[in-house]
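Peer 1: give me a 3D structure for the following:
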Amino acid sequence: MTKNLNQYVDIYKKALNKGEIEIAYVALRKFMSTLRATFIKNAPQYTCGTVFPGYMDYTYFYFYDSYLKEKQLRFGLVLNHQKMQFELWLLGRNEKVQAGYWELLKDSHWNSKLNEKPIYSVLSITLLADPDFNDLDSLATPIWQATLTHTRDIEDDLRTHSH
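Peer 2: Got it, this is the predicted structure:
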């Protein structure tokens, strides 16, 4: 027997009343804002968007430089809530742009393990699969360092293969 929406809302309400989900969610969103501020400080070549909270699935912010803007692309630094990991996504301005870059990059090493385009991006890289949230002060550095390494590599590949 499937549950109706009232049953799901009741489960949601009970979980929220415990207070643990709200504490974790607020802390994760705050950390993403801190990560964005750290990124702006350490990567001034990029323009950063605001932190989008998502729907308890992904919390993320976009960033791009002049090259990406010209190509109608941007990166997303993403906290995947279900996997509880940090990811780097390459995104197109719209579905048509994403489809074109998927064709360009689908056989690249970035997508070697995929048979079809990711739902929301052209490519997705796991930056940190098992973050230690008990040490938030140390958590930002490996994320932004990995992000900068991968963004340089991806942009180099784009410049080599781009149309």
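Peer 1: which of the residues in the longest helix along the chain are buried?
Peer 2: Ordering each helix of the chain by length in residues (DSSP state H) puts helix 136-161 first. Applying a neighbour-count criterion of 16 or more other CB atoms under 10 Å, one finds 139-140, 143-144, 146-148, 150-151, 154-155, 157-158 buried in helix 136-161. Using the backbone N, CA and C atoms, a C-beta is placed for each residue, glycine as well.
Peer 1: in terms of secondary structure, what does that helix contact?
Peer 2: Taking 3 or more CB pairs under 8 Å, 6 or more residues apart in numbering; DSSP states H and E as contact, the helices and strands that helix 136-161 lies on are helix 20-42, helix 66-70, strand 73-80, strand 85-92, helix 95-105, strand 123-128.
Peer 1: how about the ones you listed in a markdown table, adding mean neighbour count?
Peer 2: As requested, those are exported to a markdown table (neighbours: other CB atoms under 10 Å):
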| stretch | mean neighbour count |
| --- | --- |
| helix 20-42 | 15 |
| helix 66-70 | 13 |
| strand 73-80 | 23 |
| strand 85-92 | 21 |
| helix 95-105 | 16 |
| strand 123-128 | 19 |
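Peer 1: ok, which of the ones you listed comes nearest Tyr60?
Peer 2: When the helices and strands packed on helix 136-161 are compared by CB to CB, strand 73-80 sits nearest Tyr60, at 4.2 Å.
Peer 1: what's that closest one in contact with?
Peer 2: Here strand 73-80 makes contact (CB atoms under 8 Å, 6 or more residues apart in numbering) with 28, 31-32, 35-36, 39, 46, 49, 57-64, 68, 85-93, 97, 101, 121-122, 124, 127, 143, 147, 151, 154, 158.
Peer 1: what average pLDDT does that strand get?
Peer 2: Across strand 73-80, the average pLDDT comes to 97.
Peer 1: strand partners of it, parallel vs antiparallel please.
Peer 2: Strand 73-80 has its sheet partners listed here by DSSP bridges as strand 58-64 (antiparallel), strand 85-92 (antiparallel).
Peer 1: next one: the first one to chain centre, how far?
Peer 2: The chain centre lies 5 Å from the centre of strand 58-64; the measure is CA atoms, centre = their mean, to the nearest Å.
Peer 1: swap in stretch 137-152?
Peer 2: The chain centre lies 13 Å from the centre of stretch 137-152; the measure is CA atoms, centre = their mean.
Peer 1: doesn't Asn94 make contact with Val122?
Peer 2: No - using CB atoms under 8 Å, Val122 is not in contact with Asn94, being 11.9 Å away.
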